[in-house]
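Undergrad: coordinates only, sequence not included:
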């Protein structure tokens, strides 16, 4: 089979060994795979896969089950999407059967490839780790990203007001159309967020450069959940504010979590989130698709920081 590999800062569609499908696993004939910033870090050599994971790119995919190992309830021919630690950008992928969900009714396989990673990330960090309660206020930095788009829709569906910081007026309008109550453009004045807060939870992929502001913006007993370091890794914080406001700072990653943890997360997604796609309250924010032959161009577009929503790489054009 063939798979997409990061090589010296670029990508190559290379020959790869076909994995075996063992007990508790399923083999998926891949239709499409979602692009994520973690892929870009891996391509640059800064984010190696966890031990034992596929060395190839792709943290989420969709497709058709082509083989089932012993001890699984899936059937050959079912349309599914999957959360992966790697390897989704390949003609085939073998995955823990517990990390697979059915394609929500009404979604194409291309759309389904755009949802496992971002909705798992949003659900884990906002509602599980961030403990967002009904009616509490959320702030999402980089709100027009794939994770931001998922977060806004989830909060709208579940009754939580949400605000965003974004990179342009157009991206702010995009977030408001999804259900955000408002926000600010970061190149204007981030301090304007102080007029919109305080916030109970902040979902932050930026890190250091937003740290002092986050502490100011959080309400008493607020939770700052950090999922990335786009703005750097070192920062000076006023610990008196953190102590006095009883703030919690949580660092969170998903890719290197234990298989059992991911299985429980996917089970909860299937029960709590997937029905919201079926009733139309959630949508896959698929911006564009690229054939796998144009993977380099797809990642170049993602790197512009102008993508509102998700990009998807089409692996098998005969599956839709």
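TA: Received it, and whenever you're ready, just let me know what you need. This is a predicted model, so every value here is computed, not measured.

Undergrad: so residue 108 sits against residue 319, correct?
TA: No - if you go by CB atoms under 8 Å, residue 108 and residue 319 don't touch, sitting 9.6 Å apart. The way it works is simple: take the backbone N, C-alpha and C, and place the C-beta from them, glycine included.

Undergrad: which stretches of the stretch 151-300 of the chain form helices?
TA: Using DSSP state H, counting those that start in this stretch, the helices of the stretch 151-300 of the chain run over 169-178, 211-217, 239-244, 259-268, 274-278, 295-303.

Undergrad: buried stuff in the shortest one?
TA: It stands for helix 274-278. 274, 276, 277 (16 or more other CB atoms under 10 Å).

Undergrad: next one: the second one from residue 112, what distance?
TA: Taking CB to CB, to the nearest Å as the measure, residue 276 falls 14 Å from residue 112.

Undergrad: ok, the last one next?
TA: The spacing between residue 277 and residue 112, counted by CB to CB, is 9 Å.

Undergrad: with the first one instead?
TA: With distances defined as CB to CB, the gap from residue 274 to residue 112 amounts to 11 Å.

Undergrad: tell me, what's touching those two both at once?
TA: With contacts defined as CB atoms under 8 Å, 6 or more residues apart in numbering, the residues shared by residue 274 and residue 112 are residue 104.

Undergrad: in contact with residue 84, which residues?
TA: Going by CB under 8 Å, 6+ apart, residue 84 touches 54, 58, 59, 60, 61, 93, 95, 99.

Undergrad: how many neighbours does residue 194 have?
TA: For residue 194, the neighbour count with other CB atoms under 10 Å is 13.

Undergrad: looks like it contacts residue 217 (just checking).
TA: Yes - contact status for residue 194 versus residue 217: in contact at 6.5 Å, counting by CB under 8 Å.

Undergrad: tell me where the stretch 51-200 of the chain has strands.
TA: Under the criterion DSSP state E, counting those that start in this stretch, strands of the stretch 51-200 of the chain are mapped to 60-68, 79-83, 92-96, 100-102, 138-141, 162-166, 182-185, 199-204.

Undergrad: mind listing the strands the fourth one pairs with, and their directions?
TA: Put plainly, it is strand 100-102. Partners of strand 100-102 in the sheet, by DSSP bridges, are strand 79-83 (antiparallel).

Undergrad: tell me what angle the partner strand forms with strand 60-68.
TA: With axes from the mean of the first three to the mean of the last three CA atoms, to 10 degrees applied, the angle from strand 79-83 to strand 60-68 works out at 120 degrees.

Undergrad: residues contacting strand 79-83, please?
TA: 26, 28, 59-65, 74, 88, 93, 95, 99-103, 109, 112-113, 115-117, 120, 262, 265-266.

Undergrad: now stretch 288-307
TA: Contacts for stretch 288-307 (CB under 8 Å, 6+ apart): 4, 10-11, 13, 32, 35, 37, 39-40, 43, 89, 110, 144-145, 167-168, 171, 287, 311-315, 317.

Undergrad: which ChimeraX command selects the buried ones in those residues?
TA: Here is the ChimeraX command that picks out the buried ones among those, judged by 16+ other CB under 10 Å:
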select :4,11,13,32,35,37,39,40,43,89,110,144,145,167,168,171,311,312,313,314,315
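
Undergrad: among the contacts of stretch 288-307, which are in helices?
TA: Using DSSP state H, the members of these that fall in helices are 37, 39, 40, 43, 110, 171.

Undergrad: if we can go back for a sec, using JSON lines, please lay out the strands of the stretch 51-200 of the chain together with distance to residue 305.
TA: What follows is these, written out as JSON lines (distance: least, CB to CB, whole Å):
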{"stretch": "strand 60-68", "distance to residue 305": "20"}
{"stretch": "strand 79-83", "distance to residue 305": "24"}
{"stretch": "strand 92-96", "distance to residue 305": "28"}
{"stretch": "strand 100-102", "distance to residue 305": "29"}
{"stretch": "strand 138-141", "distance to residue 305": "13"}
{"stretch": "strand 162-166", "distance to residue 305": "10"}
{"stretch": "strand 182-185", "distance to residue 305": "13"}
{"stretch": "strand 199-204", "distance to residue 305": "16"}
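
Undergrad: in JSON lines: those strands, plus mean neighbour count, mean pLDDT and distance to residue 282.
TA: Converted to JSON lines, these look like this (neighbours: other CB atoms under 10 Å; pLDDT from 0 to 100; distance: least, CB to CB, whole Å):
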{"stretch": "strand 60-68", "mean neighbour count": "23", "mean pLDDT": "98", "distance to residue 282": "16"}
{"stretch": "strand 79-83", "mean neighbour count": "26", "mean pLDDT": "98", "distance to residue 282": "14"}
{"stretch": "strand 92-96", "mean neighbour count": "22", "mean pLDDT": "98", "distance to residue 282": "23"}
{"stretch": "strand 100-102", "mean neighbour count": "20", "mean pLDDT": "98", "distance to residue 282": "13"}
{"stretch": "strand 138-141", "mean neighbour count": "28", "mean pLDDT": "98", "distance to residue 282": "16"}
{"stretch": "strand 162-166", "mean neighbour count": "27", "mean pLDDT": "97", "distance to residue 282": "14"}
{"stretch": "strand 182-185", "mean neighbour count": "19", "mean pLDDT": "96", "distance to residue 282": "20"}
{"stretch": "strand 199-204", "mean neighbour count": "27", "mean pLDDT": "98", "distance to residue 282": "17"}
